[in-house]
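J.: Sequence below, structure please.
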Amino acid sequence: MVVKIKRILITGAGGPAGVNFLEALKIAPEKMVLVGADANKHFFYLIPTEKKYIVPPATSPNYIEVINELIAREKIELVHPQPDIEVRVISENREKLDAKTFLPSKRTVEICQDKLESAKIWMQKDVPTARTLEIRKEEDLTKAFEELGTPLWIRARHGAGGRGSTLAKNIETAVAWIAYWRARGEEWKFIAQEYLPGRNLAFHSLWREGELITSMARERLRYIYPHLSPSGITGTPAVQKTIHDETVNKVGTEAVLAVDSKFNGIACVDLKENKEGVPCVTEINAGRMFTTSFFFAYASKILCGDYRGNIPYLYIKLAYDEKIPELPKYNILPPNVYWIRHIDAPAKLVKDGKIFGAMYK
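T.: Just a heads-up that it's a prediction; the model follows:
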């Protein structure tokens, strides 16, 4: 019997999230042809695949045309876009692609990439979230401090990695912060959000037609070079651990279904606890993996001896309409498993004080 080998194109494959996604697939119990693409001519060399290509930025008029050329050349069957901008462009043009995707609906992607729109939905549907206001003029900042309290978060309405975010303790800081980005030529729209002082949490989940297939939560304990960002958040955690928390699981699930009762594919939910210790959703990264998807995949292989936590691989199987084993909807891995890494330092998997190695092959 001849087994058909899957052929998959991953965009943004030279960035941290793309590399993690590919490394997870490389330790899956199935051989696949993995083709990487990146718009950065330098990060191109970081793509951990034999077949790799440089493509135009997703905002280029010929982006979809070039992607289709790669699809034809490499006989690609499935495209996985990793960066938010490529998720958005491929989502909007999915009918023009000559390969399939496994994404949420176009409208769902739009909502999840808009922090104001998604926050409005969660507030309307009583999903715990940070109270949020749109900032269009200085008077809006005055209102934000009156209604949301002090301090509050100022952040860009769109974008990943803590874009345009800072903690503002007074209106002068908030005004100067937005003026700074304007002076740099950035025309980002800004929002103000209630300050959430508690744990920084993440809920990594996989869905099919509104059914939660499986999930795992973790706590971010320290970011890479936090001192380089005014917010202390640089988008990529250096230290994190798995957690079992029923409230995080509940809020994460409610947040996804509030946006789309038929959600498909990947929903990576960011949460932070308020002063009462309630996990509040702050955003959903729809259609793409967190930067650390290899963490769960490797922990699953090493600690459990299987691929239950290899969410990239489970995602691929669902995209191909294949059966997957019965899985728990929550807490797919043991708690208190640490993933510790830094720039130019191979990641280490740590459980009960024991190092389990973990170096990309």
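
J.: low pLDDT regions in this protein?
T.: 1-3, 226-235, 357-361 (pLDDT under 70).

J.: Tell me which residue is most central in it.
T.: Phe290 (3.6 Å; CA atoms, centre = their mean).

J.: For that residue, give me its contacts.
T.: Each residue near Phe290 by CB atoms under 8 Å, 6 or more residues apart in numbering is listed here: 17, 202, 204, 268. To be clear about C-beta, it is placed using only N, CA and C from the backbone, and glycine gets the same treatment.

J.: and it, what element?
T.: Assessed by DSSP states H and E, Phe290 sits outside every helix and strand.

J.: That one and Arg184, how far apart?
T.: 28 Å (CB to CB, to the nearest Å).

J.: and what of Gln124?
T.: Look at Gln124 and Arg184: by CB to CB, they are 34 Å apart.

J.: what do you get for Ala176?
T.: The value you get for Ala176 to Arg184, if CB to CB is used, is 13 Å.

J.: neighbour-wise, which of the two wins?
T.: Set Ala176 next to Arg184 and count neighbours by other CB atoms under 10 Å: Ala176 wins out with 12 against 7.

J.: Which of the helices or strands spans the more buried one?
T.: Short version, using DSSP H and E: Ala176 is in helix 171-183.

J.: Just the buried positions in the top strand by length along the chain, please.
T.: Longest strand in the chain by number of residues (criterion: DSSP state E): strand 211-223. Residues of strand 211-223 classed as buried by neighbour count (16 or more other CB atoms under 10 Å): 212-220, 223.

J.: can you pull out the helices in the protein?
T.: Using DSSP state H, the helices of the chain run over residues 16-26, 63-74, 84-92, 106-112, 115-124, 138-148, 171-183, 246-259, 293-299, 311-319.

J.: Which residues does the last one contact?
T.: Under the contact criterion CB under 8 Å, 6+ apart, helix 311-319 has outside partners 6, 8, 21, 24-25, 28-30, 32, 78, 80, 100-102, 204, 206, 208, 213-214, 216, 265-266, 289, 293, 296-297, 307, 323-324, 327.

J.: go with 6 Å
T.: Residues outside helix 311-319 that contact it (CB atoms under 6 Å, 6 or more residues apart in numbering) are 21, 24-25, 28, 78, 102, 206, 208, 293, 296, 307, 324.

J.: out of everything not next to it in sequence, what's closest to Pro48?
T.: The shortest distance from Pro48 to any non-neighbouring residue, by CB to CB, 6 or more residues apart in numbering, is to Leu22 (5.2 Å).

J.: follow-up on the earlier one: give me phi/psi at the residue nearest to the centre of the chain?
T.: phi -60, psi 170 (degrees, to the nearest 10).

J.: change the start of the numbering to 569 and stick with it
T.: Done: numbering now begins at 569, and the last item shifts to Phe858.

J.: what's the domain layout of the chain?
T.: If you go by automatic domain parsing, the domain ranges for the chain are 575-669, 701-757, 768-923.

J.: Distance to Thr676 added to these, as CSV?
T.: Shown next, in CSV, are the domains of the chain (distance: least, CB to CB, whole Å):
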stretch, distance to Thr676
domain 575-669, 9
domain 701-757, 15
domain 768-923, 4
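
J.: among the buried residues of strand 779-791, which two are most distant?
T.: Ile781 and Tyr791 (29.0 Å; CB to CB).

J.: just to revisit the earlier point, the helix holding Ala744 - contacts with which helices or strands?
T.: For helix 739-751, the packing partners by 3 or more CB pairs under 6 Å, 6 or more residues apart in numbering; DSSP states H and E come out as helix 706-716.

J.: and the nearest residue in space to Glu777 that is not next to it in sequence, backbone torsions?
T.: Leaving aside its sequence neighbours, Glu777 sits nearest to Lys830 (CB to CB, 6+ apart; 5.5 Å). Dihedral pair for Lys830: phi -120, psi 30, per degrees, to the nearest 10.

J.: So Lys830 sits against Trp775, correct?
T.: No: applying CB atoms under 6 Å, one finds Lys830 not in contact with Trp775, separated by 8.8 Å.

J.: Much appreciated, bye for now.
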